[in-house]
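Participant: got a sequence here, can you build the structure:
(one chain, ligands or ions: 3)
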Amino acid sequence: MSENAAQKPFPVSWDQFHRDARALAWRLNGAGPFRALVAVTRGGLVPAAIVARELGLRVIDTLCVASYEHTTQTEMRVLKGLSETVTRLGGDNGEGLLIVDDLVDTGRTARIIRETAPKAHIAAVYAKPMGKPLVDTFITEVSQDTWIFFPWDTGLSFQPPIRENGA
Ligand SMILES: O=P(O)(O)OC[C@H]1O[C@H](OP(=O)(O)OP(=O)(O)O)[C@H](O)[C@@H]1O
Ligand SMILES: Nc1nc2[nH]cnc2c(=O)[nH]1
Ligand SMILES: [Mg+2]
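Facilitator: Numbers count the residues shown, from 1 in each chain. Ligands and ions are numbered 1, 2, ... in the order given. Okay, the predicted model is just below:
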């Protein structure tokens, strides 16, 4: 979702994110067994830590991709693929791998992951309608014209009142 089309801000606090990531872990608990967990960097690192803790997963790898400059979608770059160890654990098709991201938006990132590991289980905490069919598990759906603001990207700031010049 590019900057212009995404108009509704959806700020998420650390507390809320922890609750949602833990809910994701509960849902994934019945979906395994998983031989390794893969975090899609960078956003996937945070839920991956929470899910790994909840599900007792200790073999953890990263898939490093970049596809947005702030809120603008750019050409997608895979900066680092799976390690040899985790590739071996997942066999040819990624079976038994749990791949975690913070959100799925247009689904482009998830689609590329699916191409390289078709049988992996792909999970995201938040999903927008376009990306939803590309993941196996998610927790909360938001509309396509929403922009999710994560706690690691934001800080406390003054909010002007809804009515600037009250009677
Ligand atoms: O479904 P899509 O349209 O592909 O968008 C989803 C991806 O975009 C964001 O990552 P981003 O590339 O911004 O990098 P980051 O995780 O380092 O913030 C988000 O963390 C997902 O990985
Ligand atoms: N923080 C953030 N990154 C994204 N990347 C793609 N969509 C989003 C979004 O809604 N929020
Ligand atoms: Mg990301």
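Participant: which of the helices or strands spans the nearest residue to Arg77 once chain neighbours are set aside?
Facilitator: Leaving out its chain neighbours, the residue that sits closest to Arg77 by CB to CB, 6 or more residues apart in numbering is Ala66, at 5.0 Å. In short, each C-beta sits where N, CA and C put it, glycine included. Per DSSP states H and E, Ala66 falls inside strand 60-69.
Participant: and that strand, what's buried?
Facilitator: The neighbour-count check on strand 60-69 (16 or more other CB atoms under 10 Å) flags 60-63, 65, 67-68 as buried.
Participant: roughly how far is stretch 103-113 from the heart of the chain?
Facilitator: 9 Å (CA atoms, centre = their mean, to the nearest Å).
Participant: before we move on, the earlier item: spatially, which two of the buried residues of strand 60-69 are the most separated?
Facilitator: The largest distance within these, taken as CB to CB, falls between Ile60 and Tyr68 and amounts to 23.4 Å.
Participant: ligand 1 contacts on this protein?
Facilitator: When proximity is defined by CB under 6 Å from any ligand atom, the chain lies next to ligand 1 at 40-43, 66-68, 101-110, 131.
Participant: out of the residues you listed, which are close to ligand 2?
Facilitator: With respect to ligand 2, and counting by CB under 6 Å from any ligand atom, the subset of the residues of the chain next to ligand 1 in contact is 68, 103, 105.
Participant: lowest-confidence helix or strand of this protein?
Facilitator: Of all helical and strand segments in the chain, the minimum by mean pLDDT, DSSP states H and E falls on strand 72-80, at a mean of 85.
Participant: list every C-alpha atom in that one, with coordinates, as PDB.
Facilitator: Extracted as PDB, the C-alpha positions of strand 72-80 are listed here (Å, rounded to 0.1, in the frame of the first residue of the first chain):
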ATOM      1  CA  THR A  72       6.300   4.100  -0.200                       C
ATOM      2  CA  GLN A  73       6.500   0.600  -1.800                       C
ATOM      3  CA  THR A  74       9.800   0.200  -3.700                       C
ATOM      4  CA  GLU A  75      11.400  -2.600  -5.700                       C
ATOM      5  CA  MET A  76      11.700  -5.600  -3.500                       C
ATOM      6  CA  ARG A  77      15.200  -6.600  -2.500                       C
ATOM      7  CA  VAL A  78      16.200  -9.900  -0.900                       C
ATOM      8  CA  LEU A  79      19.200  -9.000   1.100                       C
ATOM      9  CA  LYS A  80      19.800 -12.400   2.700                       C
END
